[in-house]
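**Q** Have a look; sequence and predicted model below, questions after that.
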Amino acid sequence: DSGVTQTPKHLITATGQRVTLRCSPRSGDLSVYWYQQSLDQGLQFLIQYYNGEERAKGNILERFSAQQFPDLHSELNLSSLELGDSALYFCASSGGSLGTSTDTQYFGPGTRLTVL
Amino acid sequence: AQSVSQHNHHVILSEAASLELGCNYSYGGTVNLFWYVQYPGQHLQLLLKYFSGDPLVKGIKGFEAEFIKSKFSFNLRKPSVQWSDTAEYFCAVNSPNNAGNMLTFGGGTRLMVKP
């Protein structure tokens, strides 16, 4: 158990819908990261938040958005869902004072999203 | 932009065999290197990491990796695998030159160890 929790574990929805994935970081970790793992794209970084502020952005679609709340939990919102959005979405967290590259990331169990 | 290649997609070994998984990265600047493992049904776990210093790093569960800067490689090794090492292994890289801490992952190598 990494200490990072994600809900729900599984999500099945239809094209065009909107879903919210939730992540609670390890106690005390200030950074939260979102990754997408799909068969064709592999594991891809989406976005990082550090203490409520966006710190780094990857190839995140405009239909996707994220935020980190004052209690440090994070939500990833996916809208206008397409079949190709079906994937495993991982959240990770790290401690450290700056959310920099030497911080070890601890991964959650993931949310499996299926878009029908 | 960074990229990571793992050339072996699937590896099958018998118990006690030696393991070497290849990882090559593409980036001209300073890098930090990582190996993560994902056991069946579990989350990604860090095996080992390299930031600087001794290019031979030792991780958990008897794994080690060697950073060869001239070859842009960070291969993972284990002298004698066990059935419990069956998992998917991911090499990853980030750079202190970039804002934040985004990891770029390779495509992963699925290792099956036969008892």
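**A** Happy to help now that I have it.

**Q** Can you tell me which residues in chain B are near chain A?
**A** B:32, B:36, B:42-46, B:49, B:51, B:90, B:94-96, B:98-108 (Cβ under 8 Å from any Cβ of the partner chain). In short, each C-beta sits where N, CA and C put it, glycine included.

**Q** how does it look with 10 Å?
**A** B:4, B:6, B:30-32, B:34, B:36, B:38, B:41-46, B:49, B:51-52, B:90, B:92-108 (Cβ under 10 Å from any Cβ of the partner chain).

**Q** From these, list just the buried residues.
**A** By neighbour count, with 16 or more other Cβ atoms under 10 Å in any protein chain shown, the residues of chain B next to chain A hold B:4, B:6, B:31-32, B:34, B:36, B:38, B:43-46, B:49, B:90, B:92-95, B:98, B:100-108 as buried.

**Q** wait, isn't residue B:17 in contact with residue B:115?
**A** No - applying Cβ atoms under 10 Å as the test, residue B:17 and residue B:115 come out as separate, 12.0 Å apart.

**Q** Look up how far residue A:45 lies from the residue nearest to residue A:56 when sequence neighbours are not counted.
**A** Closest residue to residue A:56 apart from its sequence neighbours, by Cβ to Cβ, 6 or more residues apart in numbering or on different chains: residue B:100 at 2.6 Å. Taking Cβ to Cβ, to the nearest Å as the measure, residue B:100 falls 9 Å from residue A:45.

**Q** try residue B:31
**A** 15 Å.

**Q** sorry, back to before: report pLDDT for the residue nearest to residue A:56.
**A** Listed pLDDT for residue B:100 reads 77.

**Q** can you check the one 3 residues further on too?
**A** Note on residue B:103: pLDDT of 92.

**Q** residue nearest the centroid of chain A?
**A** Nearest to the geometric centre of chain A sits residue A:34, at 2.8 Å (Cα atoms, centre = their mean).

**Q** And the pLDDT for the closest residue to residue A:72 other than its chain neighbours?
**A** Of all residues not flanking residue A:72 in the chain, residue A:25 sits nearest, at 5.6 Å (Cβ to Cβ, 6+ apart). The model reports residue A:25 with a pLDDT of 96.

**Q** next one: residue A:102
**A** pLDDT, residue A:102: 75.

**Q** Just say helix, strand or coil for it.
**A** At residue A:102 the chain is in coil, as set by DSSP: H, G, I helix; E, B strand; the rest coil.

**Q** what's the spacing between the lowest-mean-pLDDT helix or strand in chain A and its chain's center?
**A** Lowest mean confidence among the helices and strands of chain A (mean pLDDT, DSSP states H and E): strand A:53-57, at a mean of 91. For strand A:53-57, the separation from the chain centroid amounts to 12 Å (computed by Cα atoms, centre = their mean, to the nearest Å).

**Q** dump the residue contacts of residue B:72.
**A** Going by Cβ atoms under 10 Å, 6 or more residues apart in numbering or on different chains, residue B:72 touches B:4, B:5, B:23, B:24, B:25, B:26, B:27, B:28, B:31, B:93.
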